[in-house]
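Visitor: For reference, the sequence and a predicted model appear below.
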Amino acid sequence: MELIENKAMIEVCLNCPRKTCRSGICARYRAARAGKNQDAEQAGRKRNGGRRGKEYEANGQWKTLPEWAAECGIDANTLKYRVCNRGWSLEHAMSAPLKSNGSEGFEAFGETHTLREWARIRGIPRNTLSSRIYSNKWPIEKALTEPVRKARQYTAFGETKSGCEWAEALDISYATVNLRLRQGWDMERIAMHYGGRK
């Protein structure tokens, strides 16, 4: 019996990722000796370069973000973005509702439509409407009735267009037009420099 037990100890230690530990020292040997299965944990540590990952505390428990995400039913990347990039507390990040994908109905003026439908009905860009509701926390009625800021118009050679329209007409990027305007060029000079009148 002792011989078989020693053989098992040697096999476990030979399978240790470090391959330098003596019998009885490595964690994998101790787990096998105690009858615990740590294969899943070892696989996770190998993926993380031998580390389990940073643990976060909530409700008196410490877990990694993927473990918290699995527990609260939220995508791990969403939870990581909220905590690490946006600086939210873990409790807030786990409990905050997910952003709608646009299929949610919004009621205003006795009608219910999705954001896409409201944007089309009111002639407001969908991104503007979404930003007003989710980022600025405007009520839906205000988001639908507030006028959209018009693009600045530029006149050259008797034609008046927005910066985007001039960029398209001159076959250059809007970033180039915007850069030249900030440098003090007028639209006629930009048009002459990038191909004359179009």
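Guide: Yep, that arrived.
Visitor: Just the pLDDT for Leu115.
Guide: At Leu115, the pLDDT value in this model is 84.
Visitor: Might you report the residue contacts of the residue lying closest to Leu170 once chain neighbours are set aside?
Guide: Spatial nearest neighbour of Leu170, excluding adjacent residues (CB to CB, 6 or more residues apart in numbering): Tyr194 at 4.8 Å. In short, each C-beta sits where N, CA and C put it, glycine included. By CB atoms under 8 Å, 6 or more residues apart in numbering, the residues touching Tyr194 are Leu170, Asp171, Ile172, Thr176.
Visitor: Can you give me the neighbour number for the third one?
Guide: Residues lying near Ile172 (other CB atoms under 10 Å) number 17.
Visitor: and if you look at the last one?
Guide: Number of residues near Thr176 (other CB under 10 Å) recorded here: 14.
Visitor: Give the buried residues for stretch 60-77.
Guide: Neighbour-count burial for stretch 60-77 flags Lys63, Thr64, Leu65, Glu67, Trp68, Ala69, Ile74 (criterion: 16 or more other CB atoms under 10 Å).
Visitor: Let me know the average pLDDT across stretch 147-158.
Guide: Stretch 147-158 comes out at a mean pLDDT of 84.
Visitor: Ok, stretch 67-81 next?
Guide: Summarised as a single mean, pLDDT over stretch 67-81 is 84.
Visitor: what does it contact?
Guide: Tyr56, Ala58, Lys63, Leu65, Pro66, Leu90, Ala93, Met94, Ser95, Leu98.
Visitor: Need those in a markdown table (columns: secondary structure and distance to Gln183).
Guide: Output for these, formatted as a markdown table (DSSP: H, G, I helix; E, B strand; the rest coil; distance: CB to CB, whole Å):
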| residue | secondary structure | distance to Gln183 |
| --- | --- | --- |
| Tyr56 | strand | 48 |
| Ala58 | strand | 51 |
| Lys63 | strand | 53 |
| Leu65 | helix | 46 |
| Pro66 | helix | 49 |
| Leu90 | helix | 47 |
| Ala93 | helix | 43 |
| Met94 | helix | 48 |
| Ser95 | helix | 49 |
| Leu98 | coil | 43 |
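Visitor: By neighbour count, sort out the buried ones in these.
Guide: For those, buried by 16+ other CB under 10 Å: Tyr56, Lys63, Leu65, Leu90, Ala93, Met94.
Visitor: Which strand or helix spans the nearest residue to Gly105 once chain neighbours are set aside?
Guide: The shortest distance from Gly105 to any non-neighbouring residue, by CB to CB, 6+ apart, is to Thr112 (4.5 Å). Element membership for Thr112 (DSSP states H and E) is strand 111-113.
Visitor: go on, Ala191?
Guide: Per DSSP H and E: helix 187-193 holds Ala191.
Visitor: Return the mean pLDDT over that helix, rounded to an integer.
Guide: For helix 187-193, the per-residue pLDDT averages 89.
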